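J.: Sequence first, then the predicted structure, then my questions.
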Amino acid sequence: MAYQQQTQSRYGHCDSFFVDTHNDGIYAVRAEQRERARAIARMQQRAIAEELSRLTSDEYQEDIMDHMEHMESQTMPDVNSIDIQTEIQWFMRPYLLDFLVEAHAAFQLLPETLFLAVNLLDRYCSRRVVYKRHYQLVGCAALLIAAKYGDRKDRVPTVRELKSMCCSLYDDEMFTQMEWHVLQTLNWIIGHPTVDAFLQLALYEAAYDPEVEHMTLYIAEIALFHKEFVSTRPSVLARSALALARCILSRNQSKQSDWAGAYDPVTVLNLSNHLYQPSQVLSRKYASLHLSSVSTTVDEFLQRQAQITRRAAAPPSPPATLQSEERKPNTDTYLGPQTPQKNHYSAVMQHGCLTPPITPENEQFGDSNIGKSQGLLPRLYPSTPTPVPDVHHPQPQYYNGQYIHAQHVQ
């Protein structure tokens, strides 16, 4: 011990396990203090950067908005060109979008990545003839390009992961070739302003409300599944979906003089008509707690609206029941655009259109009302459209929830 004290007095403190000292905790405390100081400095720098960014954005807000509106007009798909496709049909679209929604959620990508991927898919189908067996490959290439363009690098899916999600239907080279072909076809113009980008601008001035944001994204993703919204501009769709979301959640609407309050009533009405038949995959995605369970909120809202409609359509009650009638919910409490009423909500399916496990042919299932007239029960979507059997290009068969795949021949 005397040697230890002599050594410490001559050479100072030695932080070693050979030295028996009770001051080891001092260095841990000092290291923790230095780390805390660095964290505080980083937070202060981030706050300064955000403030400078806000001041700059306010100065160039009009120029940014003009550029986004110009870009959205230049990067809109052509619905008429998609109509003349020889093999892919509109009834195949929900199958592919269900697959993209599941892949997007599996890789935890940003919301704007999904909207950009669907835009790239539609723009490619507007310019090139797409075979049925390559429809899923184009969707994967669009998702890969969108993730590389604006998402975090550590979350960008790899070709091997996409190949596994496609049940090894395509080779590695096919993903690379299709990615290159999509970029060449679109002249390397990827910067499409998405619904999420316009939504962030609309919510910029208001107080942050995550439930309103999640509800708006849910309504906007429902619109992706329907042909009538393919030609709708993202700026119009974002403001209309926001107005409908605030109506469902009984939030105050933006002023009509503001950019966010200038929604399209026709678009709001069309969006509300499609709330009754969401995709089952999409409904399950937005039923999670981290997305505010907005799909459950929509179902409860539609049930209340159906009850109000049935009460309004009921015959007049005798005078003895007037007091109970006076206590029924007031429909005027919902601000903004009103959701249209459905007379038979209980008879409407809540999980998408009627489809068998194998993708039907367009000639057999071209009319969406056939399933309703036959009273078929809703079933789960397969991940992708099932191609026509081809001797030269064998396709996987969907059986008991799994794909039975033969070796793909390019």
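T.: The structure has been received and is ready for your questions.
J.: For residue 117, list the residues it contacts.
T.: Residues counted as contacts of residue 117 (CB atoms under 8 Å, 6 or more residues apart in numbering) are 100, 104, 139, 142-143, 145-147. Every C-beta, even on glycine, is put in place using the N, C-alpha and C of the backbone.
J.: Buried subset of the residues you listed, written for PyMOL?
T.: Buried residues within the contacts of residue 117, by 16 or more other CB atoms under 10 Å, are selected in PyMOL with:
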select buried, resi 100+104+139+142+143+145+146+147
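J.: quick one: which of the contacts of residue 117 is nearest residue 259?
T.: Closest approach to residue 259 among the contacts of residue 117 (CB to CB): residue 146, at 25.7 Å.
J.: now do the same end-to-end measure for stretch 167-174.
T.: One end of stretch 167-174 sits 14 Å from the other (CA to CA, to the nearest Å).
J.: Buried by neighbour count: which residues of that stretch qualify?
T.: 167, 169-170, 174.
J.: Please flag which of those sit within strands.
T.: Using DSSP state E, no member of those sits in strands.
J.: any chance of the residues you listed in JSON lines, with pLDDT and distance to residue 218 too?
T.: Below are the buried residues of stretch 167-174 laid out as JSON lines (pLDDT from 0 to 100; distance: CB to CB, whole Å):
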{"residue": "167", "pLDDT": "92", "distance to residue 218": "29"}
{"residue": "169", "pLDDT": "90", "distance to residue 218": "30"}
{"residue": "170", "pLDDT": "92", "distance to residue 218": "31"}
{"residue": "174", "pLDDT": "94", "distance to residue 218": "33"}
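J.: Mind giving me the packing neighbours of the strand or helix carrying residue 181?
T.: Assessed by DSSP states H and E, residue 181 sits inside helix 172-185. When contacts are defined as 3 or more CB pairs under 8 Å, 6 or more residues apart in numbering; DSSP states H and E, helix 172-185 sits against helix 111-127, helix 135-150, helix 159-165.
J.: quick one: average confidence on the last one?
T.: When you say that, I think you mean helix 159-165. Helix 159-165 shows a mean pLDDT of 93 in the predicted model.
J.: Of all the residues in that helix, which ones are buried?
T.: For helix 159-165, the neighbour count (16+ other CB under 10 Å) marks 159, 162-163, 165 as buried.
J.: Please apply the same query to the longest one.
T.: When burial is assessed from 16+ other CB under 10 Å, helix 111-127 yields the following buried residues: 111-126.
J.: Let's see whichever strand or helix holds residue 246 as PDB, backbone CA atoms only.
T.: Taking DSSP H and E as the criterion, the element that holds residue 246 is helix 234-248. Output of helix 234-248 as PDB, limited to C-alpha atoms (Å, rounded to 0.1, in the frame of the first residue of the first chain):
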ATOM      1  CA  PRO A 234     -51.700  15.100 -55.700                       C
ATOM      2  CA  SER A 235     -52.300  18.700 -54.600                       C
ATOM      3  CA  VAL A 236     -56.000  18.400 -55.100                       C
ATOM      4  CA  LEU A 237     -56.100  14.900 -53.600                       C
ATOM      5  CA  ALA A 238     -54.100  16.000 -50.500                       C
ATOM      6  CA  ARG A 239     -56.400  18.900 -49.700                       C
ATOM      7  CA  SER A 240     -59.600  16.900 -50.300                       C
ATOM      8  CA  ALA A 241     -58.400  14.000 -48.200                       C
ATOM      9  CA  LEU A 242     -57.400  16.400 -45.400                       C
ATOM     10  CA  ALA A 243     -60.900  18.000 -45.500                       C
ATOM     11  CA  LEU A 244     -62.600  14.600 -45.300                       C
ATOM     12  CA  ALA A 245     -60.200  13.400 -42.500                       C
ATOM     13  CA  ARG A 246     -61.100  16.500 -40.400                       C
ATOM     14  CA  CYS A 247     -64.800  15.900 -41.100                       C
ATOM     15  CA  ILE A 248     -64.600  12.300 -39.800                       C
END
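J.: and the next element down the chain from it?
T.: The helix or strand immediately downstream of helix 234-248 is helix 265-273, counting by DSSP H and E.
J.: if we look at that next one, which residues are touching it?
T.: Contact partners of helix 265-273, identified using CB under 8 Å, 6+ apart, comprise 219, 222-223, 228-229, 232, 236-237, 240-241, 243-244, 337, 339-340.
J.: list the buried ones in it?
T.: Residues of helix 265-273 classed as buried: 267-268, 270-272 (neighbour count, 16+ other CB under 10 Å).
J.: pLDDT weak spots in this structure?
T.: Within the chain, the stretches with pLDDT under 70 are 1-24, 315-410.
J.: per-domain residue ranges of it.
T.: Using automatic domain parsing, the domain parsing of the chain gives 77-192+367-410, 196-314.
J.: Of those, which is nearest residue 42?
T.: domain 77-192+367-410 (18.7 Å).
J.: Show me how far that closest one is from its chain's centre.
T.: In terms of CA atoms, centre = their mean, to the nearest Å, the centre of domain 77-192+367-410 is set 15 Å apart from its chain centre.
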